[in-house]
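1. Provided below are the primary sequence and the corresponding predicted coordinates.
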Amino acid sequence: MSPNIIGSTFILAETAIADGNNNKMAATPAASAAPSAATPSQKVAKKAEAKTPENKPYELEIVWRNVGLFVILHSMALYGLYLVFAESAYWELLPVYATMFLGGLGITAGVHRLWSHKAYKAKLPLRIFLMLCQSLAFQNSIWEWTRDHRVHHKFTDTHADPHNSRRGFFFAHMGWLMCKKHPDVTSKGKQISMEDIEQDPVVMFQKKMYFVVMPICCFALPMIFPYYVMGSSLRVCFFTCSMLRFCLSLHFTWLVNSAAHFYGMKPYDVNVSAMNNKLVSTLTIGEGWHNYHHVFPWDYKAAELGTYSFNWTTAFIDVMAKIGQAYDLKFVSQEMVYKRVLRTGDGSHIAALLDANNNSAIPTSELVAHLDHEKEEHAIWGWDDKDISEEDRKGANVVNKESECKLD
């Protein structure tokens, strides 16, 4: 069995299911006009052109091998859940939670906020730690995860989006992993720059040694501790501590693609499908404030919250900043947030409510006019995206600036 097929949440099976209507192209004026007489050679040429693969509309193609591997994975996870009660393996839930949390940090603080969005910078020890945690999560290499996540932000809810939410909840959650990708995912993906990622030796080491590092981190180590330290049975160690933990962590991550695009509020921008969802944020240690994140993907907090109660990833990054491992932490100024809320939000944000009551404690509608409307319409994947507006760059606040820190 190739575990790479099972676990690649954002990368391996970056696919899109095309419905019948999306394959139909609108008729051009020339096509709608009365057809003119064509010579026999022209008819033959048109007939040959119609048969070329390039003109064939995209059709859904299920990858049955992936479907089978998902069935196996979930069967093993369910058996692992059964063993919790059958063998009273309740204490084993502690290492399950601990490894899920570490794997979660590898995704949220690591490949998501650090590498994909360049929301902050990290020194070598922290980058190595987050690389190992990301390998524990087994959602494919940092390089691949980053590439496809940037495509998701740049082309959200289009055919180029690997988990296009317009194709339904199940597709956005895990269905996209069960069929061949839409050609746009590949073609648009080539437009995403990966030069910054390829300059990080930690990323490139993991990419080269992935099938050595990942099995050790994801499957071997989570079994060793409960087996040798807690005296758990080998069945519980494998099916519960490895497979059940792995399956749950995948579903928690997938909720960001599905539930956070279908349920919640849009206090920052009603024009994007991403929504703020407190439950998703709880399960993903801070990734559920999705409406905010799609508006300001370069904010290291991925939220506007002033506390850590639903955003433990931000707490972790702040601790790393205090001990000198994280620096150049970028976040959105309050004035910039208020301006965006007043113009494009759904009215649920406290700033919009106060402004409606003529409260002068926050920026008023007159200040909103100074935003760069043209630049704002371009979706960006993070801080180093060439399409980021100059206002965002100038208005960003930075904690532990690089010039103030001693580098690697």
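-> Sure thing, it's come through.
2. so His182 is in contact with Thr158, correct?
-> No. In this structure His182 lies outside contact range of Thr158 using C-beta atoms under 8 Å: 9.2 Å. (Glycine included, C-beta is placed from N, CA and C.)
3. neighbour-wise, which of those two wins?
-> His182 (25 against 17; other C-beta atoms under 10 Å).
4. per-residue confidence at that one?
-> As predicted, His182 sits at a pLDDT of 92.
5. mind checking how far it is from Glu61?
-> When C-beta to C-beta, to the nearest Å is the yardstick, His182 and Glu61 sit 10 Å from each other.
6. can you give me the strands in this structure?
-> 121-122, 326-327, 329-332, 396-399 (DSSP state E).
7. could you tell me the least trusted of these?
-> strand 396-399 - the lowest mean pLDDT of those, at a mean of 66.
8. how about the closest residue to Leu279 other than its chain neighbours, what does it touch?
-> Distances taken as C-beta to C-beta, 6 or more residues apart in numbering put Gly288 closest to Leu279, at 6.9 Å, once the chain neighbours are dropped. Gly288 makes contacts with 255-256, 260, 264, 276-282, 310, as judged by C-beta atoms under 8 Å, 6 or more residues apart in numbering.
9. which one of those residues is nearest Val203?
-> Of all the contacts of Gly288, Val203 sits closest to Val256, with 21.7 Å by C-beta to C-beta.
10. show me the contacts for the closest residue to the closest one other than its chain neighbours.
-> Using C-beta to C-beta, 6+ apart and skipping the chain neighbours, the partner closest in space to Val256 is Glu287 (5.2 Å). Glu287 is in contact with 108, 112, 256, 260, 280-281, 293, 302, 313, counting by C-beta under 8 Å, 6+ apart.
11. what about 10 Å?
-> The contact partners of Glu287, by C-beta atoms under 10 Å, 6 or more residues apart in numbering, come to 104, 107-108, 112-113, 252-253, 255-256, 260, 277, 280-281, 293, 302-303, 310-311, 313.
12. one more: Pro267?
-> So Pro267 contacts 275-276, 289, 291-292, 295, 304, 337, 340-341, 344-352 (C-beta under 10 Å, 6+ apart).
13. tell me which other helices or strands the top helix by length along the chain touches.
-> Taking DSSP state H as the criterion, the chain has its longest helix at helix 64-86. Applying 3 or more C-beta pairs under 10 Å, 6 or more residues apart in numbering; DSSP states H and E, one finds that helix 64-86 contacts helix 3-7, helix 93-105, helix 234-235, helix 245-257.
14. show me which positions of it end up buried.
-> 66, 69-70, 73-74, 76-77, 79-81, 83-84 (16 or more other C-beta atoms under 10 Å).
15. turn those into a markdown table, including pLDDT.
-> Listed next are these as a markdown table, based on pLDDT from 0 to 100:
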| residue | pLDDT |
| --- | --- |
| Asn66 | 95 |
| Leu69 | 96 |
| Phe70 | 97 |
| Leu73 | 97 |
| His74 | 98 |
| Met76 | 98 |
| Ala77 | 98 |
| Tyr79 | 98 |
| Gly80 | 97 |
| Leu81 | 98 |
| Leu83 | 97 |
| Val84 | 97 |
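16. can you list those residues in TSV and add distance to Asp328?
-> As requested, these are arranged in TSV below (distance: C-beta to C-beta, whole Å):
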residue	distance to Asp328
Asn66	39
Leu69	40
Phe70	39
Leu73	38
His74	41
Met76	42
Ala77	39
Tyr79	45
Gly80	41
Leu81	42
Leu83	45
Val84	43
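17. ok, so of those, who is nearest Leu94?
-> Val84 (11.9 Å).
18. leaving out chain neighbours, which residue sits closest to the closest one?
-> Thr240 (6.0 Å).
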